[in-house]
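Trainee: A structural model of the following input is requested.
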Amino acid sequence: MLRGFAPRSIHSSSAEHIGLISPLCGLNYDPRRLQGLYSEQSLEVIQDVQSITQTYLARWKCMTDSDPTAHAQVESLDAQIQETYACVLRRPSAHTDWIYESCRLAALIYCRSIAHSTPLTNPTTLMQTQMVGPDLTDTSLISALHAAIMHTDTRGCWGDLRGVFMWACLVGGAASWPSSRGHEAGHEAGSAPAQAWVRKCFALYAVRAAASVPFDHASTMIDVLRTMLLVRHWKEVGIAAQGTRV
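Mentor: Got it, this is the predicted structure:
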């Protein structure tokens, strides 16, 4: 009687063999298990974000280290961050692969925020054709990210890439918050409610992805969320430092 209400099993070998894959944690998985399920482009973007995240955290660790030699490494780490961001910028759009496109757009928002020391909240709405795509030139990156994710299987949270799905939603949710009440009030009529709806969608999808993680990988999911909070913390510290210098 309850067969129709039972949740469907997750496709493929899933988390017990592959583990939780997220740009916010180490990518300790066998890529061969994902061949045929996700494109190489998608996995490359994930690796780009993982690289820039670890480099960014290493940079701040050097900044807070009392050892003078650690401070000398900051310039090298900054160069690595800029190089990774440039790589993300060069990646082409591909609207036949919506998981890749979602990762690419989220990476543009996330990596730009790190490379330019700007807040994720309400980033500059870039509308360049080469970055957003020829048919999305009249929308912001946030709207484009939301549209791309809506073309994917949000119910399944991207299966083995549920950790990546959650990261993309966390980025979209953080970026869709207005930087100030005045900024939100300055929007054209109807744009603020639309932005609020997009923000709620990102939040609900992120919660769904977190809840879908098997209990065996709950500790990894907590580490992922902590890493996201740590990245945002150091970004706030960096932005505050820039304001002090000005």
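Trainee: what about stretch 119-127, average pLDDT?
Mentor: Averaged across stretch 119-127, the pLDDT comes to 56.
Trainee: Next up, the contacts around C157.
Mentor: C157 is in contact with F165, M166, Y205, R208, A209, S212, counting by C-beta atoms under 8 Å, 6 or more residues apart in numbering. Bear in mind the C-beta positions are built from the backbone N, C-alpha and C, glycine included.
Trainee: Mind doing that once more with 7 Å?
Mentor: F165, R208, A209, S212 (C-beta atoms under 7 Å, 6 or more residues apart in numbering).
Trainee: tell me which element the residue nearest the centre of the chain is part of?
Mentor: The centre of the chain sits closest to A168, judged by C-alpha atoms, centre = their mean, with a distance of 3.8 Å. Assessed by DSSP states H and E, A168 sits inside helix 162-175.
Trainee: Contacts for that helix next, please.
Mentor: 20-24, 46, 102-103, 106, 109-110, 120-123, 142, 145-146, 149, 157-158, 199, 202-203, 205-206, 209-210, 212-213, 224, 228.
Trainee: try stretch 214-232
Mentor: With contacts defined as C-beta under 7 Å, 6+ apart, stretch 214-232 is touched by 15-16, 19-20, 22, 24-25, 53, 56-57, 120, 163, 170, 210, 213.
Trainee: Helices of the protein, start to end?
Mentor: Assigned by DSSP state H, the helices in the chain fall at 15-18, 40-64, 68-71, 74-90, 98-115, 129-132, 141-150, 162-175, 181-185, 191-211, 218-245.
Trainee: Would you point to the one among those helices that's packed deepest?
Mentor: Among those, judged by mean count of other C-beta atoms under 10 Å, the one packed with the most neighbours on average is helix 162-175 (a mean of 27).
Trainee: report the angle between the axes of that helix and helix 191-211?
Mentor: 150 degrees (axes from the mean of the first three to the mean of the last three C-alpha atoms, to 10 degrees).
Trainee: Setting the sequence-adjacent residues aside, check what's closest to R59.
Mentor: Excluding the flanking residues, the one nearest R59 by C-beta to C-beta, 6 or more residues apart in numbering is L77, at 4.2 Å.
Trainee: Run through the residues that contact the one you found.
Mentor: T55, A58, R59, C62.
Trainee: Mind doing that once more with 8 Å?
Mentor: By C-beta under 8 Å, 6+ apart, the neighbours of L77 are T55, Y56, A58, R59, C62.
Trainee: any chance of those residues in CSV, plus distance to I114 and pLDDT?
Mentor: As requested, these are exported to CSV (distance: C-beta to C-beta, whole Å; pLDDT from 0 to 100):
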residue, distance to I114, pLDDT
T55, 9, 94
Y56, 5, 93
A58, 12, 90
R59, 9, 90
C62, 15, 87
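Trainee: Same list (these) but as a markdown table, adding distance to A174.
Mentor: Converted to a markdown table, the contacts of L77 look like this (distance: C-beta to C-beta, whole Å):
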| residue | distance to A174 |
| --- | --- |
| T55 | 20 |
| Y56 | 15 |
| A58 | 22 |
| R59 | 20 |
| C62 | 25 |
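Trainee: circling back: could you dump the contacts of C157 into JSON lines with pLDDT and distance to A194 added?
Mentor: Listed next are those as JSON lines, based on pLDDT from 0 to 100; distance: C-beta to C-beta, whole Å:
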{"residue": "F165", "pLDDT": "95", "distance to A194": "22"}
{"residue": "R208", "pLDDT": "92", "distance to A194": "21"}
{"residue": "A209", "pLDDT": "91", "distance to A194": "23"}
{"residue": "S212", "pLDDT": "85", "distance to A194": "27"}
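Trainee: lowest-pLDDT helix or strand in this protein?
Mentor: None of the helices or strands of the chain scores lower by mean pLDDT, DSSP states H and E than helix 129-132, at a mean of 42.
Trainee: List the contacts of stretch 85-105.
Mentor: For stretch 85-105, the external contacting residues (C-beta under 8 Å, 6+ apart) are 38-39, 41-42, 44-46, 48-49, 52, 107-108, 111-112, 114-115, 131-133, 135, 141, 144-145, 148-149, 151-152, 158, 161, 164, 168.
Trainee: No further questions, thank you.
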